[in-house]
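Trainee: all I have is the shape, not the residue letters:
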């Protein structure tokens, strides 16, 4: 396994690669993982926006409520923290601050360095005095991301964290969740109002596990399957995302089956957000006020969790 700094399309990047998986990380662009390649097939499983070019992230211009989706939704794997939706931070002493669209990490300054066989990345946020660390390593074809969020203040810090990998879709793919797993609609143009129950994989006459460009979009939210993994399968290959369900408690699904884009002159996107989370839905203030699942960093404390991504035959 190799971890090394290199240039990617003229940008500073870090490469993690072995004979099974290759990942490319861009610390100057919000710590984005821009490529996740299955070496056996050569397929990059991360979606790339054909309309929006990569550019240095900034929250100093534009409307924070739509800055990410309108200007920086370029694809790849981002991190959302302390929430996904733009909105007010719900707790003192930060209740006068607003959470930007898709959180703060995509526009944070990330420091990246190699420690032995691990890429260590630390983000410090201008909006909130928290520390967010990812330690990324690759062993035997398994890309492991160890997370640590730290609170140096004397106040508890409620949060929602969501992994935000946007996956490139093809007709006939299958989303692998346990049959009968319960979720709810967070937002949709076809599947009902918020909190409409969904028993996987069926809703509104659709088999949601079967990927097809049907012209709808939906965000689902619910508990993370207790088996500790979710997957997306293409023929005899699958991308599996594993987690510890005691720490990563929730799951978000962004099903964009050709139903949405933020620009009227763009064709609707065809992609999937397969998103292990800590917290229900996207809106932290809503989760806190309605007693829904969310995380809390204790005063002078921290939270740790992890993900593992790998490619498998079968599924």
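Mentor: Right, received. Where do you want to start? Everything numeric in this text was worked out from a predicted model, so none of it was measured.
Trainee: to what extent is residue 59 buried, counted in neighbours?
Mentor: 17 (other C-beta atoms under 10 Å). C-betas here are computed from N, CA, C, even on glycine.
Trainee: actually residue 42, not the one I wrote
Mentor: Applying other C-beta under 10 Å, we find 8 residues neighbouring residue 42.
Trainee: residues contacting it?
Mentor: If you count contacts by C-beta atoms under 8 Å, 6 or more residues apart in numbering, residue 42 has none.
Trainee: repeat that for residue 35.
Mentor: So residue 35 contacts 22, 23, 24, 44, 46, 76 (C-beta under 8 Å, 6+ apart).
Trainee: which of those tops the neighbour count?
Mentor: residue 76 (25 neighbours).
Trainee: could you say which helix or strand holds it?
Mentor: Element membership for residue 76, per DSSP states H and E: strand 76-80.
Trainee: which elements pack onto that strand?
Mentor: Here strand 76-80 is seen to pack against strand 32-38, strand 161-168 when contacts are counted using 3 or more C-beta pairs under 8 Å, 6 or more residues apart in numbering; DSSP states H and E.
Trainee: hmm, 10 Å instead?
Mentor: strand 21-26, strand 32-38, strand 142-150, strand 161-168, strand 269-278 (3 or more C-beta pairs under 10 Å, 6 or more residues apart in numbering; DSSP states H and E).
Trainee: before we move on, back to that, dump the contacts of residue 35 into TSV; add pLDDT and distance to residue 190 as well.
Mentor: What follows is these, written out as TSV (pLDDT from 0 to 100; distance: C-beta to C-beta, whole Å):
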residue	pLDDT	distance to residue 190
22	98	36
23	98	34
24	98	35
44	98	29
46	98	26
76	98	27
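Trainee: please report how far residue 100 lies from residue 193.
Mentor: Here residue 100 is placed at a distance of 26 Å from residue 193 (C-beta to C-beta, to the nearest Å).
Trainee: these two: who's more crowded?
Mentor: residue 100 (22 against 8).
Trainee: surely the more buried one meets residue 127?
Mentor: Yes. Using C-beta atoms under 10 Å, residue 100 is in contact with residue 127, at 7.5 Å.
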